[in-house]
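A.B. asks: I'll drop the sequence and a predicted model, then ask my questions.
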Amino acid sequence: MRLIFIGPPGVGKGTQAKQICDQFGILHLSTGDILREEISQNSLIGQAAKRFIDKGELVPDKLLLDMMSIRLNQKDCKNGYCLDGFPRTIPQAEGLELILQNLQQSIDAVISIDADEKELIQRLVLRGQNSGRTDDTSDVVKQRLDVYRKQTAPLIEFYSKRNLLHSIDGLGEISEITQRILNSLS
Ligand code: C5P
Ligand code: MG
């Protein structure tokens, strides 16, 4: 099983992707976590990514595609995965299609989780008090929501045209939302 999770920051994408990966015994690949790990190691990728992440902007498509091409070619991806936070733009989605073609793989479903803006801002500001993430401050949160609407939301139509889209309401208890996703996949 190969899944993509898309949704605005704070919607619970990561939380839900983890639950679903556990259920299906597949790998959870969070590009945000991978980038933060690169930053903590002060690698070249980390150095290049940090200035974009701290401003709430997207890291350039080429960097993400090169990084994910290498990652998806690793052996542990053979049995399936959830992509959490990638692709985030149309060029990333097109690049991913090429990567998967070369691997003779395809995506089974795209889970799009959404919730209203006020709820998201509240959740992110709360998360910022505990997460220690440099991009969970209110200015950067607003910028990230803006980037989502402009650059990532067009993926909803992109995947809907490919008949892969599962739209999930992100309001409610964590377990309720997990159940909605599982129902949509069965
Ligand atoms: O997915 P997550 O919210 O953890 O990502 C945090 C930040 O990492 C994003 O706001 C963005 O700056 C960067 N990112 C990116 N492109 C991706 C995934 C994450 O630029 N595909
Ligand atoms: Mg995340």
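C.D. replies: It's in. Ligands and ions are numbered 1, 2, ... in the order given.
A.B. asks: C-alpha from now on. contacts and neighbour counts both.
C.D. replies: Will do.
A.B. asks: what sits against the residue nearest the centre of the chain?
C.D. replies: By Cα atoms, centre = their mean, the chain has its centre lying nearest to residue 85, at 1.4 Å. Contacts for residue 85 (Cα atoms under 8 Å, 6 or more residues apart in numbering) come out as 5, 6, 13, 30, 31, 32.
A.B. asks: State whether the first one is indeed within a strand.
C.D. replies: Yes - using DSSP: H, G, I helix; E, B strand; the rest coil, the assignment for residue 5 is a strand.
A.B. asks: in the protein, which helix or strand is least confident?
C.D. replies: helix 117-131 (a mean of 87; mean pLDDT, DSSP states H and E).
A.B. asks: Going by distance to ligand 1, which of the contacts of residue 85 wins?
C.D. replies: Using Cα to the nearest ligand atom, residue 32 is the member of the contacts of residue 85 that lies nearest ligand 1, at 3.5 Å.
A.B. asks: Which secondary structure state does that closest one sit in?
C.D. replies: Residue 32 ends up helix, using three-state DSSP.
A.B. asks: how about the helices in this protein?
C.D. replies: Here the chain has its helices, by DSSP state H, at 13-24, 31-40, 44-55, 61-72, 90-103, 117-131, 138-147, 154-161, 174-185.
A.B. asks: and these, which one's lowest on average pLDDT?
C.D. replies: For those, mean pLDDT drops lowest on helix 117-131, to a mean of 87.
A.B. asks: ok so, going back, quick check: the residue nearest to the centre of the chain vs ligand 1, distance?
C.D. replies: 4 Å (Cα to the nearest ligand atom, to the nearest Å).
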